[in-house]
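Colleague: Provide a 3D model corresponding to the input given below.
(2 chains)
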Amino acid sequence: MSLRKFALAALMSGAAVCGLSVSASAGQYDGMTISILTRPGPVIAGMVAQRGKEFEAATGAKINVIEVPFAEIFPKLQNDWSTGTNSIDVGVFAAGWGVEFAASGLIENLDPYIAKDTKIDTADLAPYFRDFGMKIGGHTMLIQLDGDFQMVYYRKDIFDKMKLQPPKTWDDYLADAKAINGQDLNGDGKPDYGSCIFKKRNAQSYFAIQTVAAAYVQTQGTSQGFHFDGKTMKPVINNEAWKKAFEVYKETGKYGPPEELNMDIGDTRALFKAGRCGLLIEWGDPPVLALEKDATAVKNQLFAVAALGTNQVLDRATGKLVPVTKESAPFAVDGINYAPFAAFGGWAGAINAKIDAKKKQAAYDFLSYMNQAAQSNVDVTIGWDGFNPYRLSQLKDTVLWEKAGFTKEAAQSYIGAINSALNNPNMASDFKVPGAQQYSGVVLDTELARYLAGEITVDEALKNIEAGWEKVTEDFGRDKQIAAQALALGAPK
Amino acid sequence: MAMASNTASQPGSSPAGSLPGESWGEWLDRHSRTFFIAPAVTLILVFAIFPTFYSIVFALSRVKFSSNGLVFRNVWFSNFQAQFSGNEQAHFLGRLTGMGLFGYAFSAVLIGAVGWWFFRSLSKTSAIGLVGRLISAAAALGLGLLFAATLLSGNQWGTLLNTLFYVFAGCAIQFVIGTGLAFLCSQPIWGKSFFRVIFFIPLMITPLGVGYAFKMILDITKGPFKPFWEFIGLRDWAWSTDAWAARWFVILGDSWQWIPFIFIVMLAALENVSKDQVEAAEVDGASSVQIFRDITWPQIVPVAATVILIRMIEAFKIVDLPNIMTAGGPGIATESMTLHSVFLWRANNMGDSAAVAYLLLIVTVVVCSSFFNYVVLSQMRKAHS
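Modeller: Below is the predicted model:
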């Protein structure tokens, strides 16, 4: 974090405390401790702790942040809350996981709290996050602290130098990556990579494959989904569209670093910050991370594309790829179907339903405090904390971003891409049904990893995923899953 | 004592199992040892045995979380069955698409060898011993045939054989190097105390730390050996994306950590070898190879067999290194059974996770007790005789 940004953050924090933008009043929660479980800092946990100190100064409630490895957040919370241990008051996790907690009655309905809250300003929340991310079955069960979807980034300086156009389709991505791969991208005289994607097993690879697949599979708007048939919960995976996505995803590896199959998000971030990647799939962080002092090679050079599209899409009746037409892909633009993928859904906070009423109110007040524009609009411009924009006021113009160190052009590219994704009626939702972790983090991830490693063919991988998803669906009960899927995707357009 | 004399005169009121004419006091006295250790045994039963049995409930159920706690739905053995057939078969056992030529040849030799061993033991073992040998023979056949159907037939193996690979290849390497180092340090060489301390240090580091250290050291694009990889022309080769290289690198990290354990135990054994016999052999003109083979080795064999057994039991549980170094990848190439179980647990699939853990327990018990019975005990008997 640069000194300037630190000073800005400190100033805003100070102003926030002095102005008491917290809904509660001073000393109201004296002696209370709120335990919040989330991923290890500085990403997410760092800023939760920092804002926690301010909240404590304003209200007396101590915020105790418990950090566990990413893969253990979900089982730890579920264990703690369903076995009656209740040592955790608030969980900060992927918005999509909320469905499973809500289905088990483990998290608090926040509608009454929001009704009384005059500071949260829900009208300023981007509609996708307000209506899909934070709501489950029509009730607000989560408070969004971060806005997430995956985009494609390209090196503006390199594309200009090589006279390449920004990619529009996945075929363009492959062609550009191929052209760039092996060039020196950071001036150290050594060849660099065309494409960098986190493909390690049990990391973030299963998100990136969905970013590729969404445009091939989902054509009829968000409520169609791209994993299951909503009426039967039969997997929509063993078809030409997913097959093509798997093949494209594997081919990107030809233009990537040799160790890509063992790289997680930390490894790829180190690479692109060192200026070694021409193209990448990432969440909203890279341009903000590029402002940090160890990323001078790419400062204001990572330009965003909301999503890459395809000119062939899935015909669900036959399982084949067909050309984009008005019927096959009504939301297509210039013959290309786009489906920006809301991977992960953003970090969001949920409150344990079993804690006492006063503590619930205190926990809500803290989440609201973090979500309010006064705090959030600063937090999203800081690279290290991992928070990405989700409020309209963060995306309406470039002022906020230029203040943070963006050039006007870079800021326009960034918020332009995010706005275009948020306004896309064909935005693709992440898994939001019970068993989301098993469907994606275990079944999809394992079979994808085996395919990438050359252990199995793409057909075997898709067949295995189909069988694996069916097993999870049977396990949770098909009818319940159909209902959950309808609740998750049938929300307002 | 009035009571004692009273009970002595009324034998019918003596506690069950008492000797004729024995009083309560005497009976208590005789059983005092049992009563004194009873609290400890109860505690062990509650805290060690209970969780083991409770996890059987998990292994035989599908488990769901609800606001009222865990909801179990009994499915009997279908969690176990799932590992052997259907979608999960390739994950646990490996791909079984038919046996190749090497597979058939190996299977024939294996069946012959196990059959001969079993036939030989028919005459010299008790009924219980026979049951034990039957279990060992079945396990050897099962695992051997799986090996023949996967690796020897050009198919990929699953987490079961991966675990056994870590156990057998890892323990063999660690034993040879650990014993070699111990032998060197038992010789009168300069600075041996220093080396003893240095060789012992890795054992004190947490496996998680070893995993991260090796991941960083072996990173070919950023690690300290980057110039070396480039020099030998492996700039674009990544060990972590090659199944066998990844497995061997996991064993490398594991060996770095566990060679010290073998080293320290074998060093103690070597230091206990009778000096008189060695000196007598030297006086008689025996070569150092002869001395090692005929005097030193027979004396350290019982310790060697025991240390291998302990290391094997530990090696079956390998999890940190493949988790940190490769996350079980590429594909499932470096995934051990413990890691397999952990991944399932993380997704709250308690039933399958417990089933895999039980399968690991069964394999560990059968392999290690077979090794104990046929190798460790026989070496100990030889040493005593």
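Colleague: could you use CA atoms for every contact and neighbour count after this?
Modeller: Fine.
Colleague: show me which residues of the longest helix along chain A are buried.
Modeller: Longest helix of chain A, by residue count under DSSP state H: helix A:458-476. Of the residues in helix A:458-476, A:458-459, A:461-470, A:472-473, A:476 count as buried by neighbour count, 16 or more other C-alpha atoms under 10 Å in any protein chain shown.
Colleague: and the helix or strand following that helix, what's its mean pLDDT?
Modeller: On the C-terminal side of helix A:458-476, the closest following helix or strand by DSSP states H and E is helix A:478-489. Helix A:478-489 shows a mean pLDDT of 88.
Colleague: from the chain's centre, how far out does helix A:478-489 sit?
Modeller: Computed by C-alpha atoms, centre = their mean, to the nearest Å, the chain-centroid distance of helix A:478-489 equals 22 Å.
Colleague: what of stretch A:123-143?
Modeller: 15 Å.
Colleague: that stretch near chain B at all?
Modeller: No. Using C-alpha under 8 Å from any C-alpha of the partner chain, stretch A:123-143 stays clear of chain B, with a minimum separation of 15.6 Å.
Colleague: for residue 262, what are its contacts?
Modeller: Reading this off chain A. By C-alpha atoms under 8 Å, 6 or more residues apart in numbering or on different chains, the residues touching A:N262 are A:F198, A:K199, A:K200, A:R201, B:S240, B:T241, B:T326, B:A327, B:G329, B:P330.
Colleague: not what I meant, chain B
Modeller: B:Q174, B:F175, B:G178, B:T179, B:V307, B:I308.
Colleague: which strands or helices does the longest helix of chain A pack on?
Modeller: helix A:240-252, helix A:445-452 (3 or more C-alpha pairs under 8 Å, 6 or more residues apart in numbering or on different chains; DSSP states H and E).
Colleague: mind checking the pLDDT average for the first one?
Modeller: For helix A:240-252, mean pLDDT rounds to 97.
Colleague: report the buried residues of it.
Modeller: Residues of helix A:240-252 classed as buried by neighbour count (16+ other C-alpha under 10 Å): A:E240, A:A241, A:W242, A:K243, A:K244, A:A245, A:F246, A:V248, A:Y249, A:K250, A:T252.
Colleague: swap in stretch B:83-92?
Modeller: Neighbour counts over stretch B:83-92 (16+ other C-alpha under 10 Å) mark B:Q83, B:F84, B:N87, B:E88, B:Q89, B:A90, B:H91, B:F92 as buried.
Colleague: which of those residues has the weakest pLDDT?
Modeller: B:N87 (79).
Colleague: which residue is the nearest non-sequential neighbour of it?
Modeller: A:N464 (6.1 Å; C-alpha to C-alpha, 6 or more residues apart in numbering or on different chains).
Colleague: follow-up on the earlier one: out of the buried residues of helix A:458-476, which one has the lowest pLDDT?
Modeller: Among the buried residues of helix A:458-476, A:F476 has the lowest pLDDT, at 89.
Colleague: does it touch A:P434 like I think?
Modeller: Yes. Counting by C-alpha atoms under 8 Å, A:F476 touches A:P434, with 7.3 Å between them.
Colleague: tell me where the model's unsure across the chain.
Modeller: You didn't pick a chain, so chain A it is. Along chain A, the parts satisfying pLDDT under 70 run over A:1-25, A:490-493.
Colleague: ah, I was thinking of chain B
Modeller: Applying pLDDT under 70 to chain B flags residues B:1-18.
Colleague: for the residue most central in space within it, give its distance to B:F53.
Modeller: Nearest to the geometric centre of chain B sits B:I313, at 2.0 Å (C-alpha atoms, centre = their mean). As judged by C-alpha to C-alpha, to the nearest Å, B:I313 and B:F53 stand 20 Å apart.
Colleague: same thing with A:L280?
Modeller: Distance, A:L280 to B:F53, using C-alpha to C-alpha: 49 Å.
Colleague: between the two, point out the one with more neighbours.
Modeller: Between A:L280 and B:F53, A:L280 has the larger neighbour count (other C-alpha atoms under 10 Å in any protein chain shown), namely 27 against 11.
Colleague: helix, strand or coil for the more buried one?
Modeller: strand (DSSP: H, G, I helix; E, B strand; the rest coil).
Colleague: in the sheet, who's paired with it?
Modeller: A:Y153, A:C196 (DSSP bridges).
Colleague: would you confirm that it contacts A:Q150?
Modeller: No. Assessed by C-alpha under 8 Å, A:L280 is found out of contact with A:Q150, at 10.1 Å.
Colleague: got a list of contacts for the longest helix of chain A?
Modeller: A:233-239, A:242-243, A:246-247, A:434-435, A:438-439, A:443-444, A:447-448, A:450-451, A:481, B:62, B:87.
Colleague: all strands for the stretch 1-150 of chain B, in order.
Modeller: All strands of the stretch 1-150 of chain B, identified by DSSP state E, counting those that start in this stretch, fall at B:61-66, B:69-74.
Colleague: give me the number of residues near the closest residue to A:A348 other than its chain neighbours?
Modeller: For A:A348, ignoring the flanking residues on the chain, the nearest one in space by C-alpha to C-alpha, 6+ apart is A:Q144 at 4.3 Å. Using other C-alpha under 10 Å, A:Q144 has 27 neighbouring residues.
Colleague: now B:A243, nearest residue through space, not along the chain?
Modeller: Of all residues not flanking B:A243 in the chain, B:A333 sits nearest, at 5.3 Å (C-alpha to C-alpha, 6+ apart).
Colleague: now do the same contact list for that neighbour.
Modeller: B:G158, B:T159, B:N162, B:A243, B:W244, B:A246, B:R247.
Colleague: next one: A:K250 from B:L377, what distance?
Modeller: Counting by C-alpha to C-alpha - A:K250 and B:L377 are separated by 53 Å.
Colleague: A:R39 too?
Modeller: For A:R39, the distance to B:L377 - C-alpha to C-alpha - is 50 Å.
Colleague: neighbour count: those two, which is higher?
Modeller: It is A:R39, of A:R39 and B:L377, that has more neighbours when counted by other C-alpha under 10 Å, with 22 against 15.
Colleague: quick one: contacts for the more buried one?
Modeller: The neighbours of A:R39, taking C-alpha under 8 Å, 6+ apart as the test, are A:A45, A:E67, A:V68, A:P69, A:F70, A:I73, A:F93.
Colleague: distance-wise, check it relative to A:G46.
Modeller: 10 Å.
Colleague: any common contacting residues for these two?
Modeller: Common neighbours of A:R39 and A:G46, counting by C-alpha under 8 Å, 6+ apart, are absent.
Colleague: so what's the residue count around the spatially closest residue to B:S55 that is not a sequence neighbour?
Modeller: Take B:S55 and drop its neighbours on the chain: the residue closest to it by C-alpha to C-alpha, 6+ apart is B:A354, 6.5 Å away. B:A354 has 24 neighbouring residues, counting by other C-alpha under 10 Å.
Colleague: tell me the angle whichever strand or helix holds B:A354 makes with strand B:69-74.
Modeller: Assigned by DSSP H and E, B:A354 belongs to helix B:350-371. Orientation note: helix B:350-371 sits at an angle of 70 degrees relative to strand B:69-74 (axes from the mean of the first three to the mean of the last three C-alpha atoms, to 10 degrees).
Colleague: determine the set of other helices and strands touching helix B:350-371.
Modeller: Going by 3+ C-alpha pairs under 8 Å, 6+ apart, helix B:350-371 lies up against helix B:50-59, strand B:61-66, helix B:78-84, helix B:127-149, helix B:297-315, helix B:337-346.
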